Structures are given as structure tokens and as C-alpha cells.
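1. 3D, please:
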Amino acid sequence: MAMTDILSAKDIESALSSCQAADSFNYKSFFSTVGLSSKTPDQIKKVFGILDQDKSGFIEEEELQLFLKNFSSSARVLTTAETKAFLAAGDTDGDGKIGVEEFQSLVKA
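-> Residues are numbered from 1 along each chain as shown. A predicted model of the protein is given here:
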């Protein structure tokens, strides 16, 4: 499954262009611009499945760093500061990774 099966290519392009500069990524505005925050829980779970590259059931720090690349291979990697802030926002149980329920809460935040 590709991101474009769930999200429009136009919205993805718009969301990625809004955070091209280093340290400009904001997960709330990204989720809103890309249209993810208006998707159903099942659709959000499918996006989570794409982001969970190693299929561990969690999005770990290394996967978060490559978050934007899941939307476009030409996108940049997140900076260390962006990655740590994104992880801190999503990791509500403090285990150092984001589970599917945490991801759904983060998207709807």
C-alpha cells in the first residue's frame, strides 16, 4: 500500500513543501495539511503500517527520523531535534516508541 492510496498526492506535496527547511517540521500542521487528521481510525492505522518499516508494531526513533521519506523519497530526513520532539509528543507511555493507539491520538491532537 502506498500513501497515495489514502492521501492525495496534492496534499502530500503541499505538506512536504511546508517543512522543507531544517527544523521547520510541525507534526500538527503536517497532519492537518496532508489530510491525515480528517481520516478514519482505520485509515490512520494503515498509514501507521506504512510508517512502521520493520513491522514491529511500533514507530521507533530511527523510523521517525525518516518519517517524511515515507511520503516522498525526495523528502528530507527530520533533524535530531525534530525527531526527539516528535517522539516526545507521541510517546505517551514513555517506552521510547510510538504504538498505533499513540499514533492515532497524536494525529487527532
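2. contact partners for residue 71?
-> 3, 7, 12, 15, 16, 34 (Cβ atoms under 8 Å, 6 or more residues apart in numbering). C-beta: built from backbone N, CA, C; applies to glycine.
3. out of the residues you listed, which is nearest to residue 58?
-> Nearest to residue 58 among the contacts of residue 71, counting by Cβ to Cβ, is residue 3 at 19.1 Å.
4. where's the closest one relative to residue 16, distance?
-> According to Cβ to Cβ, to the nearest Å, residue 3 and residue 16 sit 11 Å apart.
5. what of residue 63?
-> For residue 63 relative to residue 16 (Cβ to Cβ), the value is 17 Å.
6. also residue 85?
-> 18 Å.
7. looking at those two, which is more packed in?
-> Between residue 85 and residue 16, counting by other Cβ atoms under 10 Å, residue 16 is the more crowded of the two (20 against 17).
8. state the pLDDT value of the more buried one.
-> Note for residue 16: predicted pLDDT of 98.
9. so which strand or helix has residue 62?
-> helix 61-65 (DSSP states H and E).
10. now the element after that helix, going C-ward?
-> By DSSP H and E, the next helix or strand past helix 61-65 is helix 80-90.
11. quick one: contacts of that next one?
-> 23, 25, 27, 59, 61, 64-65, 67, 78, 96-98, 102-103, 105-106, 109.
12. for the record, mean pLDDT for the next helix or strand after it?
-> Going down the chain from helix 80-90, the next helix or strand is strand 98-99, by DSSP H and E. Across strand 98-99, pLDDT averages out at 98.
13. what residues does strand 98-99 touch?
-> Against strand 98-99 from outside (Cβ under 8 Å, 6+ apart): 57, 58, 59, 64, 87, 90, 91, 93, 106.
14. what is the nearest of those to residue 72?
-> Closest to residue 72, out of all of these and judged by Cβ to Cβ, is residue 64, at 16.2 Å.
15. burial count for the closest one?
-> 23.
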